[in-house]
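*Asks:* Got a predicted structure plus its sequence, pasted below:
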Amino acid sequence: MPAIQSHQETFRDPAGSLRIVDDRVLRRVNPSQAGAALRFLQSPLAQEWVRRGNLVETHFLGEDTGEVTLEHPRIFFPSYPWEWTASAWIAAAHLTLDLCESLLGQGFILKDATPLNVLFRGTQPVFVDVLSVEERDPESPLWLAYGQFVRTFLLPLIANKYLGWPLTASIHKRDGYEPADLAPYLGRWRRWREPFRSLVTLPLMLEGKQGQNTDATLKVRQQPSVAMQVLRRNLQALRNHVRRLEPADQQTRWRSYATSAEHYSADDHERKRAFVREALTTTQPHHVLDLGGNTGVYSQIAAECGAEVISWDTDAGATEQHWREAQRLKLPSLPLIANPARPTPPVGWRNAESLGLLERARGRFDCVMMLGFIHHLLLAEQIPLPEIARHLRELTTKWAIVEWVPGQDPRFRDLLRGRDALYGHLDEAAFRASIEPHFSEMRRTPLPNGRVLFLLQASRFPE
């Protein structure tokens, strides 16, 4: 299936725009901003950040009447903050503050500070919006993006940690939360405790006065050394807030599934891991999508076999654990909170600014794993088997590794909930009949617990 050919050009930044064509990311820089952009990109600081992998590589393509064209390599799988774990938000926040502080000594500063400026290679954050860097007024003690950092990083993390709001809800807030969004949910005493006191209550009380004095505030001037000291102190205060928002362990429904599943014996587990490793070693895929990846047991095997891995799972606790382990082991694996049955939609102006989950995935993976997940699609999401097979084929260009869960399996029975008349007839023969139009069977291995593992090779897409 062909990959996406072109994306709408961005338009929100007056300094320039960006467009993706196939795997090329082309950035147009307006003449008024071209000089500052090139000075930053040619600086030793930018080159060091690129070398470390924390700043996107940039190539100068040319100049026409003062307008500059740049090119960046495409990050394999772009993700959005509403798909990230809390630890990913924290990593992106630290990256933003680290870059801003590094820029100060070089005469630059970030003009905006939002998670949307960051993408991930595995769990490594990469700052991608090079036009967010601008030259700094040495006498100004203000970081104009301070409020945006609070709105787009700190308040969503605070709402998640202390109020239980899912980070996925940030899809509805392009410029983050306002203090007024959180205030109604705070009790009389809680609003005076940190972090609510300094980030919600006091800003809300001062909102009117700040609105009246904005112009005067922006004209504040200090000696350059004093201005630098104020900026560094404010960045440190933000950094302290971020550290206090490190996510606690979250015991969710599926987080312990990989180690506590009573329908799997040690032998079942070992045979399944061996099958997956052998299948990946045989096929040697470059890019693997793990559907229902849970805590990342099989994503880790795929990464160890040399693949770049993207994992989708709906359980925030399991995905958070997966993230921490992938980060600890420095694996090329990116766990996302996403549901293939209810995929992240496109959002933004004309539904074209942020691409939907499936549009980003189409044509990108040469192997898709669906292990211990098909019965969730069948019974919890009520997706027919032929539709599951069709969708699996749309997601992979070459191979699929699938685990069939039979009707007598305890987890199948749990999800069946008495609907035997509707789903009780589904068996391995029905599964194989559904995949036959889309795949050929390369290997079949039954497990002692009754589940069956398949390695499938994708058939050619019909014209």
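*Replies:* Nice, I can see it.

*Asks:* Show me how the record splits this protein into domains.
*Replies:* Annotated domains of the chain cover 16-73, 81-244, 257-458 [automatic domain parsing].

*Asks:* most neighbours per residue, which of the ones you listed?
*Replies:* domain 257-458 (a mean of 19; mean count of other CB atoms under 10 Å). No exception for glycine: its C-beta is placed from N, CA and C like everyone else's.

*Asks:* Out of the domains of the chain, the one nearest Gln8 is which?
*Replies:* In terms of CB to CB, the element of the domains of the chain nearest to Gln8 is domain 257-458, at 4.5 Å.

*Asks:* Partner strands of the helix or strand that Arg27 is a member of and their direction?
*Replies:* Using DSSP states H and E, Arg27 sits within strand 24-29. On the basis of DSSP bridges, the sheet neighbours of strand 24-29 come out as strand 16-21 (antiparallel), strand 67-73 (antiparallel).

*Asks:* May I have the shortest one as PDB, with CA atoms only?
*Replies:* As requested, the backbone C-alpha atoms of strand 16-21 are provided in PDB (Å, rounded to 0.1, in the frame of the first residue of the first chain):
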ATOM      1  CA  GLY A  16       8.300  30.200   8.000                       C
ATOM      2  CA  SER A  17       6.500  26.900   7.100                       C
ATOM      3  CA  LEU A  18       7.200  23.200   6.800                       C
ATOM      4  CA  ARG A  19       6.000  20.600   4.400                       C
ATOM      5  CA  ILE A  20       6.500  16.800   4.100                       C
ATOM      6  CA  VAL A  21       6.900  15.100   0.700                       C
END
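
*Asks:* these two touch, right, Leu329 and Gln300?
*Replies:* Yes: between Leu329 and Gln300 there is a contact at 7.3 Å, judged by CB atoms under 8 Å.

*Asks:* which residues in the stretch 251-400 of the chain form strands?
*Replies:* 287-291, 308-313, 333-337, 365-370, 396-404 (DSSP state E, counting those that start in this stretch).

*Asks:* can you redo the ones you listed as TSV with mean pLDDT and distance to Arg51?
*Replies:* Output for the strands of the stretch 251-400 of the chain, formatted as TSV (pLDDT from 0 to 100; distance: least, CB to CB, whole Å):
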stretch	mean pLDDT	distance to Arg51
strand 287-291	98	24
strand 308-313	98	20
strand 333-337	98	21
strand 365-370	97	29
strand 396-404	96	32
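
*Asks:* tell me which element Gln457 is part of?
*Replies:* Using DSSP H and E, Gln457 maps to strand 452-458.

*Asks:* Just want the angle from that strand to strand 365-370.
*Replies:* 160 degrees (axes from the mean of the first three to the mean of the last three CA atoms, to 10 degrees).

*Asks:* List of residues touching strand 452-458?
*Replies:* With CB atoms under 8 Å, 6 or more residues apart in numbering as the test, strand 452-458 has contacts from 272, 275-276, 279, 282-283, 371, 393, 396-404, 406, 428, 435, 438-447.

*Asks:* for stretch 429-444, same thing?
*Replies:* Defining contact as CB under 8 Å, 6+ apart, one finds that stretch 429-444 is touched by 275, 279, 374, 385-386, 388-390, 392-393, 399-400, 402, 404, 452-459.

*Asks:* Over to stretch 195-209?
*Replies:* So stretch 195-209 is in contact with 150, 154-155, 158, 162, 179-180, 182-183, 186, 190-192, 241, 244-245, going by CB under 8 Å, 6+ apart.

*Asks:* ditto for stretch 382-396
*Replies:* 1, 289, 291, 340-341, 358, 361-362, 365-368, 370, 374, 377-378, 400, 402, 426, 430-431, 434-435, 437-439, 458-459, 461.

*Asks:* same check, this time on stretch 69-80
*Replies:* Contact with stretch 69-80 is made by 20, 23-29, 37, 41, 56-63, 116, 119-121, 126, 128, 130, 171, 287, 308, 310, 334, 336, 344, 354-355, 360-361, 364, as judged by CB under 8 Å, 6+ apart.

*Asks:* 7 Å - rerun?
*Replies:* 20, 23-29, 56-62, 119-121, 126, 287, 308, 310, 334, 336, 354, 360, 364 (CB atoms under 7 Å, 6 or more residues apart in numbering).

*Asks:* How far does stretch 183-191 sit from its chain's centre?
*Replies:* Remark: stretch 183-191 is offset 31 Å from the chain centroid, using CA atoms, centre = their mean, to the nearest Å.

*Asks:* State the mean pLDDT of the strand holding Arg27.
*Replies:* What strand 24-29 shows for mean pLDDT is 92.

*Asks:* could you check the angle strand 24-29 makes with the following helix or strand past that strand?
*Replies:* Per DSSP H and E, strand 24-29 leads on to helix 31-41 as the next helix or strand towards the C-terminus. If you take the same axes, to 10 degrees, helix 31-41 sits at 120 degrees to strand 24-29.

*Asks:* so what secondary structure elements neighbour helix 31-41?
*Replies:* The helices and strands touching helix 31-41, judged by 3 or more CB pairs under 7 Å, 6 or more residues apart in numbering; DSSP states H and E, are strand 67-73, strand 133-135.
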